[in-house]
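J.: what would the 3D arrangement of this be:
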Amino acid sequence: MESLKIAIASDWFYPKVGGIEAHIDELARRLLSAGHEPYVITHDYRYLRPYSDDFPYPVVRFPASVYLKKYHVSFGSSQFWRINEFYKEINFDITHVHSIYSPLGVAVSKISRGIRGVPVVATNHSFYGNPPLDPVIRPLVRHELKKVDTFIAVSTPVAEDTRRLLGDSIEGRPVFVVPNGIEVSRWRPPEPEEREKAREELGIKDELAILYVGRMTERKNAHKMPFILREALKLGGIPKDRVKLLVVGDGPMRPVLEENLLKTGIGEITVMKNFVPRGELLHLYWASDLVVVPGLLETFSVVALEAMATGRPVVGHNGSGLSDVVSHGKTGLLSLNEKDMARNLALLLTDRELLVEMGFRARKRVERRFSWENVLKRLLRVYRVTLDVGSEVDRRYLFYKIMRRIDG
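T.: Numbering: from 1, shown residues only. Okay, here's the model as predicted:
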């Protein structure tokens, strides 16, 4: 594909830290390496200053009169006007919006397609859920997304959710499933000495280490882990001192988790850390033997992807985006409920050979399906379809205008 000027737009970008932010950064770097010209368009994050925009690609920030600090979103007419002027200056080929629920992203899609005639693809990273004002919100979302030519979903369940949300308003616009990518040369299994050092730093000797990484919210289900692990130890007849639980993260359910750790006695074998920089997570994966993703409704799970890339099998719930990442029985075990998860944990904790074999296959699956080399190829194919769809829409619109003039 010829070199493209690509606008990547979202409210959510650094200095805020999260999955979307990391994905945008890695995508922009990959596009740049492939010979394209990515520009990240976001807002000024005035409440997180000072910060540095030391990136190898341009990051263009547009402040707005309204900035909701709690949600890190912004909007305003002056922002809209300045972004339009910027589009006139750069002459983009395509716009890639991240999150169909980003006010700035949706505004950029309207400028791009509605004013500047630049095709738009939008990636949905989230489930719509069941908001209390659904009768009002759903029609509004459908209306606001009319300028999007094609959609990407990070997993099959998210694609199905996107189609349900848009309903008839999708009007034949395709929804492609393209997962998040990962840098497999960086996220890799450890050498023996690297693993030994990582475990030594955490005070782990011969124990089997179970890792949880993520937000501690009700949906993420981390607060249930003490009960699940206690049941797993009981089912497997495993002495408590043969296992170590590593918990990394924070959130509103952390006090509940800490209370449950005390209640079950699992706190005696637990090492807890607050959020750590993403690069430092690598050593935690290296120190662990398996990773638990107990959330009931995962859209994709970057944590599972990182775990598998480092050669760690994953135990989680079936029926969510995790099912796109983990191959049940091969690279991890997917559970139907909490009791089933306890059984799956017990199985891996008592079968070291299976644990190692699944970790080996997990790494191979990531290399084959989720490396950035493969994911970028899929994204570029979607870009090509989006450009073709946009051209067809423009042709139909031009034909309509001509016919109106003839009829007049």
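
J.: how about the helices of the stretch 251-400 of the chain, start to end?
T.: Here the stretch 251-400 of the chain has its helices, by DSSP state H, counting those that start in this stretch, at 254-264, 281-287, 302-309, 322-325, 338-350, 352-369, 372-407.

J.: would you mind finding the most buried of those?
T.: Compared across these, helix 302-309 shows the largest average neighbour count, a mean of 27 (mean count of other C-beta atoms under 10 Å). Quick note: C-beta positions are derived from backbone N, CA and C, even for glycine.

J.: elements contacting that one?
T.: Secondary-structure packing of helix 302-309 (3 or more C-beta pairs under 8 Å, 6 or more residues apart in numbering; DSSP states H and E): helix 19-33, helix 281-287, strand 290-293, strand 314-317, helix 322-325, helix 352-369.

J.: nearest to Leu4, out of the helices of the stretch 251-400 of the chain?
T.: helix 372-407 (6.8 Å; C-beta to C-beta).

J.: same question for that closest one, mean pLDDT?
T.: Average pLDDT, helix 372-407: 71.

J.: next, count neighbours for the closest residue in space to Arg116 that isn't next to it in sequence.
T.: Spatial nearest neighbour of Arg116, excluding adjacent residues (C-beta to C-beta, 6 or more residues apart in numbering): Tyr87 at 4.7 Å. Close neighbours of Tyr87, defined as other C-beta atoms under 10 Å, add up to 20.

J.: in the stretch 101-250 of the chain, what residue spans correspond to strands?
T.: Along the stretch 101-250 of the chain, the segments classed as strands by DSSP state E, counting those that start in this stretch run 120-124, 150-153, 175-177, 208-213, 243-248.

J.: re earlier: in a markdown table, list the helices and strands packed on helix 302-309 along with mean pLDDT and distance to Pro132.
T.: Converted to a markdown table, those look like this (pLDDT from 0 to 100; distance: least, C-beta to C-beta, whole Å):
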| stretch | mean pLDDT | distance to Pro132 |
| --- | --- | --- |
| helix 19-33 | 95 | 24 |
| helix 281-287 | 97 | 35 |
| strand 290-293 | 98 | 28 |
| strand 314-317 | 96 | 25 |
| helix 322-325 | 95 | 27 |
| helix 352-369 | 97 | 38 |
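
J.: relative to Asp11, which of the ones you listed is closest?
T.: helix 19-33 (9.1 Å).

J.: the helices of the stretch 251-400 of the chain: which one's closest to Phe75?
T.: Phe75 sits nearest to helix 372-407 of all the helices of the stretch 251-400 of the chain, at 24.6 Å, using C-beta to C-beta.

J.: how near is the nearest residue to Ile266 once chain neighbours are set aside to Pro58?
T.: Leaving aside its sequence neighbours, Ile266 sits nearest to Pro226 (C-beta to C-beta, 6+ apart; 4.2 Å). Using C-beta to C-beta, to the nearest Å, Pro226 is found at 47 Å from Pro58.

J.: tell me which of the two has more neighbours.
T.: Legend: neighbour count by other C-beta under 10 Å for Pro226 and Pro58, higher for Pro226 (23 against 13).

J.: CA atoms of stretch 379-388 as CSV?
T.: Only the C-alpha atoms of stretch 379-388 are listed here, as CSV (Å, rounded to 0.1, in the frame of the first residue of the first chain):
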residue,chain,number,x,y,z
LEU,A,379,-5.4,-3.2,9.8
LEU,A,380,-4.0,-2.0,6.5
ARG,A,381,-6.4,-4.3,4.6
VAL,A,382,-9.2,-2.6,6.6
TYR,A,383,-7.8,0.8,5.6
ARG,A,384,-7.9,-0.2,2.0
VAL,A,385,-11.5,-1.4,2.3
THR,A,386,-12.4,1.9,4.1
LEU,A,387,-10.8,3.9,1.3
ASP,A,388,-12.7,1.9,-1.3
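
J.: other residues contacting it?
T.: 1, 4, 6, 27, 34, 93-94, 96, 119-121, 149-150, 152, 174, 176, 178 (C-beta atoms under 8 Å, 6 or more residues apart in numbering).

J.: stretch 200-219: end-to-end distance?
T.: Start-to-end span of stretch 200-219 (C-alpha to C-alpha, to the nearest Å) is 32 Å.

J.: buried sites along it?
T.: Within stretch 200-219, the residues that count as buried by 16 or more other C-beta atoms under 10 Å are Leu202, Ile204, Glu207, Leu208, Ala209, Ile210, Leu211, Tyr212, Val213, Gly214, Arg215, Met216.

J.: sec struct for Glu85, please.
T.: Secondary structure for Glu85, judged by DSSP: H, G, I helix; E, B strand; the rest coil, is helix.

J.: count of neighbours near it?
T.: 9.

J.: give me the distance between it and Arg61.
T.: Following C-beta to C-beta, the distance that separates Glu85 from Arg61 is 14 Å.

J.: ok, now Ala287?
T.: For Ala287 relative to Arg61 (C-beta to C-beta), the value is 38 Å.

J.: and for Lys110?
T.: 19 Å.

J.: when the two are compared, which one has more neighbours?
T.: Remark: of Lys110 and Arg61, Lys110 carries more neighbours, 19 against 14, as counted by other C-beta under 10 Å.

J.: if I pick that one, what's in contact with it?
T.: Glu144, Lys147.

J.: if we go to 10 Å?
T.: Phe80, Ile83, Asn84, Arg116, Val120, Glu144, Leu145, Lys146, Lys147, Val148 (C-beta atoms under 10 Å, 6 or more residues apart in numbering).

J.: so for the fourth one, what's the pLDDT?
T.: Looking at Arg116, its pLDDT is 95.

J.: please save the CA atoms from stretch 237-254 in CSV.
T.: Output of stretch 237-254 as CSV, limited to C-alpha atoms (Å, rounded to 0.1, in the frame of the first residue of the first chain):
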residue,chain,number,x,y,z
GLY,A,237,-4.8,-31.2,48.0
ILE,A,238,-2.1,-28.5,47.7
PRO,A,239,-0.5,-27.1,50.8
LYS,A,240,-0.9,-23.3,51.0
ASP,A,241,2.8,-22.7,51.4
ARG,A,242,3.4,-24.2,47.9
VAL,A,243,1.7,-21.3,46.2
LYS,A,244,2.2,-17.6,45.9
LEU,A,245,-0.4,-15.1,44.7
LEU,A,246,0.8,-11.9,43.0
VAL,A,247,-1.8,-9.1,42.8
VAL,A,248,-1.0,-5.9,40.8
GLY,A,249,-3.5,-3.1,40.6
ASP,A,250,-5.9,-0.8,42.4
GLY,A,251,-9.5,0.3,42.3
PRO,A,252,-12.7,0.6,44.3
MET,A,253,-12.9,-3.1,45.1
ARG,A,254,-9.4,-3.3,46.6
